[in-house]
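Participant: What would the 3D arrangement of this be:
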Amino acid sequence: MAEHHPIEVRPPDIEPYRASSSGVEFVHSFDSGRPGPSVMLQALTHGNEFCGAHALIEVLDSRLLPQAGKLIVAFANVAAFARFDFDDPDASRYIDEDYNRVWADDVLYGPRDSAELRRAREMRRFVDAADFLLDLHSMHEPGRPIMVCGMVDKHLELARKVGLPADLLIDTGHPAGLRMRDRGGFNDPASPRQSLLIECGQHWEKRAEVEMPLLTEKPSELVRKSEIYFSIEPGESQLPATIDYVGADHFVWASDIPHWDSEFPGNLEHLRNHTVLSEEVKEKILYKNAQRLFNL
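Facilitator: Residues are numbered from 1 along each chain as shown. Sure, this is the predicted structure:
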């Protein structure tokens, strides 16, 4: 039995997410039908790094849909992940070669063959269509999460906008081969395409049990059953999806009247005329939830 760090997080069951309408197994594409950027979220670049797969399952199960552009949710090296062995977990990092070192054109379009190259060739069209890419990884050794910003300053700017994690890394690429996040326009300073790679800590370390020992349920479930309220502005793009996920009973209208840049009464009319929210939901946000919150 190979020595390894304790496995505190179990590999998720991704089989329910095999079938998709994208034409490629384990790759899900959601088109809003409206102009906008294409955003790609990818996990399982390495088969033994499955914390990102847990995150993508949460995204898919929450039915988070784009209000503009497209969202691509992809489980990458699923063949390596399928071989995960609790006695030798590092062996499932890849099958033949590192999936994240094969993204140069001369390799992708070349004569070589491997399990990872075959999967990368399936995935290439999604990667090349993405305007924004987040590649979810974890690390072999325990450590603080790090956002790897690549070789171009534009990615550092994006990481600062994202805001988490606090530690950012500018590097010089990988000597063993081109990473997916450095492919094509991602590595061109003149291109608007941007990518980030996050290292989320040690592969199988369940830090949440240490940092939040009293949290026995998902935060979303606690919100649904509790008297917790969020103030909203009607122009927020994810508002309908968030209300659908958490429930309309937890949102109240934020007037913002005391501020010099207040949009009142325009934002009130915007909410009243919202084309996606139902009249029942609007009534809850405008006054019914506030009545319950303040016992009016």
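
Participant: how about the strands in the stretch 151-296 of the chain?
Facilitator: 167-169, 194-202, 230-232, 251-253 (DSSP state E, counting those that start in this stretch).

Participant: Check those for me and report the most buried one.
Facilitator: Burial of the strands of the stretch 151-296 of the chain is given as mean neighbour count (mean count of other CB atoms under 10 Å); strand 194-202 ranks first at a mean of 22. (Glycine included, C-beta is placed from N, CA and C.)

Participant: Which residues does it contact?
Facilitator: 5, 51-52, 130-150, 154-155, 158-159, 162, 165, 179-182, 186, 207 (CB atoms under 8 Å, 6 or more residues apart in numbering).

Participant: Name every strand pairing with it and say which way it goes.
Facilitator: The strands beside strand 194-202 in its sheet (DSSP bridges) come out as strand 132-139 (parallel), strand 146-148 (antiparallel).

Participant: Residue 121 is nearest to which of those strands?
Facilitator: strand 132-139 (17.4 Å; CB to CB).

Participant: follow-up on the earlier one: and the strands paired with strand 194-202, which one is worst for confidence?
Facilitator: Note on these: lowest mean pLDDT is at strand 146-148, with a mean of 89.

Participant: What helix or strand is residue 121 located in?
Facilitator: helix 115-129 (DSSP states H and E).

Participant: What residues of that helix count as buried?
Facilitator: 116, 117, 119, 120, 122, 123, 124, 126, 127 (16 or more other CB atoms under 10 Å).

Participant: re earlier: could the strands paired with strand 194-202 go into TSV alongside distance to residue 295 and mean neighbour count?
Facilitator: As requested, the strands paired with strand 194-202 are exported to TSV (distance: least, CB to CB, whole Å; neighbours: other CB atoms under 10 Å):
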stretch	distance to residue 295	mean neighbour count
strand 132-139	43	21
strand 146-148	44	20
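
Participant: Need these in JSON lines (columns: distance to residue 200).
Facilitator: Shown next, in JSON lines, are these (distance: least, CB to CB, whole Å):
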{"stretch": "strand 132-139", "distance to residue 200": "5"}
{"stretch": "strand 146-148", "distance to residue 200": "9"}
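
Participant: which stretch among these comes nearest residue 276?
Facilitator: The closest of the strands paired with strand 194-202 to residue 276 is strand 132-139. By CB to CB, the value is 23.3 Å.

Participant: Checking the spatially most central residue of the chain next. Helix, strand or coil?
Facilitator: Closest residue to the average C-alpha location of the chain: residue 41 at 4.9 Å, with CA atoms, centre = their mean. Three-state assignment for residue 41 (DSSP: H, G, I helix; E, B strand; the rest coil): strand.

Participant: can you pull the contacts of it?
Facilitator: 55, 56, 59, 71, 72, 73, 74, 134, 136.

Participant: Distance-wise, check residue 154 relative to residue 193.
Facilitator: 9 Å (CB to CB, to the nearest Å).

Participant: wait, isn't residue 140 in contact with residue 204?
Facilitator: No. Contact between residue 140 and residue 204 fails when scored by CB atoms under 8 Å: they sit 10.3 Å apart.

Participant: Kindly present the buried residues of helix 115-129 as a markdown table, with separate columns for distance to residue 33.
Facilitator: Formatted as a markdown table, the buried residues of helix 115-129 follow (distance: CB to CB, whole Å):
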| residue | distance to residue 33 |
| --- | --- |
| 116 | 34 |
| 117 | 34 |
| 119 | 29 |
| 120 | 29 |
| 122 | 25 |
| 123 | 24 |
| 124 | 25 |
| 126 | 18 |
| 127 | 22 |
